[in-house]
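1. here is my input, please return the structure:
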Amino acid sequence: MGIPTGATVVYDDGTEETFEDVSLAEARADEGRVEYRYAYAADLLPGEPAGETGMWRYRALLPLEEGPIHYPLPVGGTPLVAAPGLRNRLQMPHLWVKDETRGPTGSNKDRATAMVLEHAMRAGAQTVSCASTGNVAVSLAVGAAAAGLRAVIFVPEQVAESKLALMRLAGATVLKVREGYDAAMRFSRRAAREFGWFDRNTGYNPATLEAKKTVAFEIWEQLGRRVPDVVVSPIGDGVTLSALAKGFRELVACGVTTGVPRIIGVQAEGCQPVKLAWERGGQVEPVEPKTIADGIAVGQPLSGAAVLRDVRDSGGAFVAVSDDAMVRAIGTLAASAGILAEPAGAAAMAGLEVALEAGLVSRDERVVVLATGTVLKNPIFPELPGAVHTVHADLDELRRALGV
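-> Numbers count the residues shown, from 1 in each chain. The predicted structure is shown next:
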């Protein structure tokens, strides 16, 4: 099991403070994002052959005390898809999609939920809470149900009804907050302190970052223990991207690779506070989200400063994509890769096409695109290309319908 040896706090203005005492860093979680450090070495990473699969395979680099894993749902170990149709369509022979729609609730949020609930179960907690635009909420509702814990979830009033139904189906207590997501997050934090609940909130709980970094470890292993040239990631609160960056940095620190991939961060055109800060050369300023992609409709990203640092240090860049482009990308992933993604889950695919046009990515590079959430929880579809015919059970009618 991994024991952090220190931590760094990244504040909203981009400054950083290093702590040898982890508890002192954790006390600053309301002021900045906490990033743990470990005594890095190559033997902290699992050897070959694969053996144990899933996220817990990397427990030596996760903040866990010794002992068995109690969380009951399988998490991690999602496929890295090399889809011939998608490669041919984009003329990119070294393109992969990291398909995080394969988790228990069809989202990369399941990794962070598993880590937080593992901590909660070990601590004897009874109630776990969070704020969410949808995917974190569904993930916590389902995970808590499996773990035998109560979930209290704060969502914006305009939450997708399909996701709300899944939260309720899993037995969660849901509070709609009229003032929107940012207010829901602040309210959730206050309520957790007031009632002594275990707080799962992304960004504030450093375990969420640690869990999500395992995506980088899996990509490295799935590519034959090599890192790609480029990784394309959506940005909501920013933890998914920062976790990727941290995971690749830790591979370097462990001495198993010599460099990190360039990271392309993708935001919706109607909600791009980090990209605008990048272009201005200043701090991230809040915006009013206006996008159908609820998973990245975060006007004031908690990890905005860390994301700016991580993309800059990787030599990467930011792009913004329209709602229409995300909907088209849903169709591209479905028809060319067999991956069913929601708008936020397809944002990175849409962003790759923008990055190609802008010369930020070359078609011959080794590129990994993240698909972070399934369309099955939030059915938004492009114009459907598949043909539908109504026929009698007659071969002549079938031939006419098929044009053969």
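2. state the distance from the spatially closest residue to residue 88 that is not a sequence neighbour to residue 233.
-> With Cβ to Cβ, 6 or more residues apart in numbering as the measure, residue 336 is the residue that lies nearest to residue 88, at 8.0 Å, once sequence neighbours are left out. For the C-beta atoms, the positions are set from N, CA and C on the backbone; glycine is no exception. When distances are taken as Cβ to Cβ, to the nearest Å, residue 336 and residue 233 turn out to be 20 Å apart.
3. got the contact list for the residue nearest to residue 88?
-> When contacts are counted by Cβ atoms under 8 Å, 6 or more residues apart in numbering, residue 336 touches 83, 85-86, 88-89.
4. equivalent analysis for residue 263, please.
-> With contacts taken as Cβ under 8 Å, 6+ apart, residue 263 has the following neighbours: 230-233, 241, 244-245, 310-311, 314, 316.
5. rerun that using 6 Å as the cut-off
-> With contacts defined as Cβ atoms under 6 Å, 6 or more residues apart in numbering, residue 263 is in contact with 231, 311, 314, 316.
6. was I right about the last one contacting residue 266?
-> No - the pair residue 316 and residue 266 fails to qualify as a contact (Cβ atoms under 6 Å) at a distance of 10.8 Å.
7. mind checking which of those two has more residues around it?
-> More crowded of residue 316 and residue 266, by other Cβ atoms under 10 Å: residue 266, with 30 against 23.
8. helices along the stretch 301-404 of the chain, start to end?
-> Ranges of helices in the stretch 301-404 of the chain, per DSSP state H, counting those that start in this stretch, are 304-314, 323-337, 347-357, 395-402.
9. most tightly surrounded among those?
-> Among those, ranked by average contacts under mean count of other Cβ atoms under 10 Å, first place goes to helix 347-357 (a mean of 25).
10. tell me the angle that one makes with helix 323-337.
-> For helix 347-357 against helix 323-337, the angle between stretch directions is 100 degrees (axes from the mean of the first three to the mean of the last three Cα atoms, to 10 degrees).
11. mind giving me the packing neighbours of helix 347-357?
-> For helix 347-357, the contact count by 3 or more Cβ pairs under 6 Å, 6 or more residues apart in numbering; DSSP states H and E identifies strand 230-234, strand 262-268, strand 317-321, helix 323-337, strand 367-371 as packing neighbours.
12. report the mean confidence score over the second one.
-> Averaging pLDDT along strand 262-268 yields 98.
13. over to the longest one?
-> Mean pLDDT, computed over helix 323-337, is 96.
14. then it to CSV, C-alphas only?
-> Listed in CSV are the C-alpha atoms of helix 323-337, where the atom choice follows Å, rounded to 0.1, in the frame of the first residue of the first chain:
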residue,chain,number,x,y,z
ASP,A,323,-21.9,21.7,-28.9
ASP,A,324,-22.5,20.7,-32.5
ALA,A,325,-19.0,19.3,-32.8
MET,A,326,-19.4,17.2,-29.6
VAL,A,327,-22.7,15.8,-31.0
ARG,A,328,-20.9,14.9,-34.2
ALA,A,329,-18.1,13.3,-32.2
ILE,A,330,-20.7,11.1,-30.5
GLY,A,331,-21.6,9.8,-33.9
THR,A,332,-17.9,9.4,-34.9
LEU,A,333,-17.1,7.3,-31.8
ALA,A,334,-20.2,5.2,-32.2
ALA,A,335,-20.0,4.5,-35.9
SER,A,336,-16.2,4.2,-36.2
ALA,A,337,-15.1,2.8,-32.8
